[in-house]
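Student: Pasted the sequence and its predicted model underneath.
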Amino acid sequence: MLMPVRPRPHLDCVEPYLPGDSARCGTARVVKLSSNESPLGPSPRAKKAFRSEAMALARYPDAGAQALRRALAWCHGIDPNSIVFGAGSESLITLIARTFAGPGDAIAFPRFSFAAYKIAAQVAGACPVPLPEPEPASDDSLVRMADELTEDVRILFVANPGNPTGQCFAAGAITRLRNALDPNVLLVLDGAYAEHANHSVAGYRPGHELVDATTGNTVVLRTFSKAYGLAGARIGWAHCPPVVAGALDRVRDIFPVCRASLAAAHAGLLDTAHLSRAVEHNARWQPWLRRALEDAGLGTTGNGVNFVLVDFGSPARARAAEQHLRRQGYIPRTLVEYGLADCL
């Protein structure tokens, strides 16, 4: 009898990522709030650049993304050779996990974190290790995560600002965390919301200075999905030390980003006026929404992000709020899979 083809056994435990719901609500007007997308959308220049690639779709993209690489290096003051591109941050998360961890290793992250960290650990065959969630506005609790790590931990993912909690830590706390970690632990700082935090959180920095200052053990992830409004283009990048960049470049997809997305990202990056409008719009209305919710007696968190985490006090109240919002044409994000059933 022929044996059926089987995937590697450790993949049996992987639960697929559940993206924000896009289902229509049965109303004429639908407002999707479930994926933290930009309400302003992409730069008009980015849309024009995307469309301009239509006649060149028979051509492969530039595998090294040299034009965008040089522009990012100039904008952020970093070495262009330290940049690795991917189809959104999550592809880079998986790539880092597969490259630097495997069976017998562990990958750690705060308990209430982007679900892609756990999935990436499982795909790599490593053990995912949720850590106690840092206390709000407590730098010491962030640094104490280093004490929770066992010797088998190879990677620590920390989103700053965090998703879905919206917690944000100043640069000094992140530097203290890096200094408290074993040098053999790769610290990956996920800055998906960095543009918003740069604008609204005092003392915040994404952490690029740690990539340059340390000896090959810190990576910063960035994306064009949030403030740049290019979630559908699927493009992210990692700022890496030489040893990390070299390893990732050897094992990444040959053409990680399509040419239209590269063109849109390049044009969007250079349209600083549109980026300013996006972050200023969020800096005005996100705090307004938090105040309104808190005035209604609800707990909220969310600093330096384009979303608000709302605590309804019980799963039943959260479900009732979700159903009410959907009847009005709003699609929120449920967080049962994150262990936050009381929240939207």
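Tutor: Everything's here; your move. Numbers count the residues shown, from 1 in each chain.
Student: For the protein, give the helix that spans the most residues.
Tutor: Counting residues, the longest helix found in the chain (DSSP state H) is helix 272-295.
Student: Please save the CA atoms from that helix in CSV.
Tutor: Extracted in CSV, the C-alpha atoms of helix 272-295 (Å, rounded to 0.1, in the frame of the first residue of the first chain):
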residue,chain,number,x,y,z
THR,A,272,6.2,63.1,2.7
ALA,A,273,3.2,65.5,2.6
HIS,A,274,0.8,62.6,2.2
LEU,A,275,2.5,60.7,5.1
SER,A,276,2.2,63.8,7.3
ARG,A,277,-1.5,64.1,6.5
ALA,A,278,-2.0,60.4,7.4
VAL,A,279,-0.2,60.6,10.8
GLU,A,280,-1.7,64.0,11.7
HIS,A,281,-5.2,62.7,10.9
ASN,A,282,-4.6,59.7,13.2
ALA,A,283,-3.1,61.9,15.9
ARG,A,284,-6.2,64.0,15.9
TRP,A,285,-9.0,61.4,15.8
GLN,A,286,-7.5,58.4,17.6
PRO,A,287,-7.2,60.2,21.0
TRP,A,288,-10.6,61.7,20.4
LEU,A,289,-12.1,58.2,20.0
ARG,A,290,-10.3,57.0,23.1
ARG,A,291,-11.7,59.9,25.2
ALA,A,292,-15.2,59.3,23.9
LEU,A,293,-15.0,55.6,24.8
GLU,A,294,-13.6,56.3,28.2
ASP,A,295,-16.3,58.9,28.8
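Student: Quick one: residues in contact with it.
Tutor: Contact with helix 272-295 is made by 38-40, 42-46, 195-196, 198-200, 227-229, 268, 300, 302, 305-308, 310, as judged by Cβ atoms under 8 Å, 6 or more residues apart in numbering. Just so you know, the C-beta spots here come from the backbone N, C-alpha and C atoms, and that holds for glycine as well.
Student: at 6 Å instead, please
Tutor: The contact list for helix 272-295 (Cβ atoms under 6 Å, 6 or more residues apart in numbering) reads Ser38, Leu40, Ser43, Glu195, His196, His199, Ser200, Ala227, Thr300, Asn306, Val308, Val310.
Student: The helix or strand that contains Ala265 to helix 272-295, inter-axis angle?
Tutor: Using DSSP states H and E, Ala265 sits in helix 259-270. With axes from the mean of the first three to the mean of the last three Cα atoms, to 10 degrees applied, the angle from helix 259-270 to helix 272-295 works out at 80 degrees.
Student: Can I get helix 259-270 in CSV, CA atoms only?
Tutor: The C-alpha coordinates for helix 259-270 follow below in CSV (Å, rounded to 0.1, in the frame of the first residue of the first chain):
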residue,chain,number,x,y,z
ARG,A,259,7.5,45.5,-9.5
ALA,A,260,4.2,47.5,-9.2
SER,A,261,4.4,47.4,-5.4
LEU,A,262,8.1,48.5,-5.4
ALA,A,263,7.1,51.5,-7.6
ALA,A,264,4.2,52.4,-5.3
ALA,A,265,6.3,52.1,-2.2
HIS,A,266,9.1,54.3,-3.7
ALA,A,267,6.7,57.0,-4.7
GLY,A,268,4.8,56.8,-1.4
LEU,A,269,8.0,57.1,0.5
LEU,A,270,9.0,60.3,-1.3
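Student: Would you map the helices across the stretch 151-300 of the chain?
Tutor: 171-180, 194-200, 208-213, 242-251, 259-270, 272-295 (DSSP state H, counting those that start in this stretch).
Student: tell me the secondary structure for the closest residue to Ala97 other than its chain neighbours?
Tutor: Using Cβ to Cβ, 6 or more residues apart in numbering and skipping residues adjacent in sequence, the residue nearest Ala97 is Ala120, 3.8 Å away. Three-state call for Ala120 (DSSP: H, G, I helix; E, B strand; the rest coil): helix.
Student: now do the one 3 residues further on
Tutor: Per three-state DSSP, the local secondary structure of Val123 is helix.
Student: For it, grab the count of nearby residues.
Tutor: Using other Cβ atoms under 10 Å, Val123 has 17 neighbouring residues.
Student: start at 6 instead
Tutor: OK, 6 is where the count begins now, so the last one is Val128.
Student: Distance-wise, check it relative to Ile101.
Tutor: 11 Å (Cβ to Cβ, to the nearest Å).
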